[in-house]
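[1] A predicted structure for the sequence below; I have some questions about it.
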Amino acid sequence: MDEQLHSLPRRLIELRMEHADLDAMIDRLAGQSPPDELALQRLKRRRLALRDMIVRLEANTEPDDRA
């Protein structure tokens, strides 16, 4: 049971959801007048870090094509 809670596919889903949430937060914050540039930078940096983690995990789950 504990393995299912921390499985790689589940972790990918969680990261994608967090990435989507950050997209929405960035859009809302950018729409404010005036936008909080520091907060935007932090959110964008976090979103980029999440994207990097997602790409790394996806690369680890894909089978090698060197057969």
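    Good, I have the coordinates.

[2] only C-alpha atoms from now on, for both contacts and neighbour counts.
    OK.

[3] the longest helix out of those in the chain - what's its average pLDDT?
    What stands out as the longest helix in the chain, according to DSSP state H, is helix 37-61. Averaged over helix 37-61, pLDDT sits at 95.

[4] can you list contacts of that helix?
    With contact meaning CA atoms under 8 Å, 6 or more residues apart in numbering, helix 37-61 is reached by 8, 12, 15-16, 18-19, 22-23, 25-26, 29-30.

[5] quick check: buried residues in stretch 13-23?
    Neighbour counts over stretch 13-23 (16 or more other CA atoms under 10 Å) mark 15-16, 18-19, 22 as buried.

[6] inside helices: which ones of the contacts of helix 37-61?
    8, 12, 15-16, 18-19, 22-23, 25-26, 29-30.

[7] pick out the lowest-pLDDT one from the residues you listed.
    Lowest confidence among the ones in helices among the contacts of helix 37-61: Leu8, with 88.

[8] show me what contacts that one?
    By CA under 8 Å, 6+ apart, the neighbours of Leu8 are 57, 61.

[9] possible to save the ones in helices among the contacts of helix 37-61 as JSON lines with distance to Gln41?
    JSON lines is the format used below for the ones in helices among the contacts of helix 37-61 (distance: CA to CA, whole Å):
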{"residue": "Leu8", "distance to Gln41": "29"}
{"residue": "Leu12", "distance to Gln41": "24"}
{"residue": "Leu15", "distance to Gln41": "19"}
{"residue": "Arg16", "distance to Gln41": "19"}
{"residue": "Glu18", "distance to Gln41": "17"}
{"residue": "His19", "distance to Gln41": "15"}
{"residue": "Leu22", "distance to Gln41": "12"}
{"residue": "Asp23", "distance to Gln41": "12"}
{"residue": "Met25", "distance to Gln41": "12"}
{"residue": "Ile26", "distance to Gln41": "9"}
{"residue": "Leu29", "distance to Gln41": "11"}
{"residue": "Ala30", "distance to Gln41": "11"}
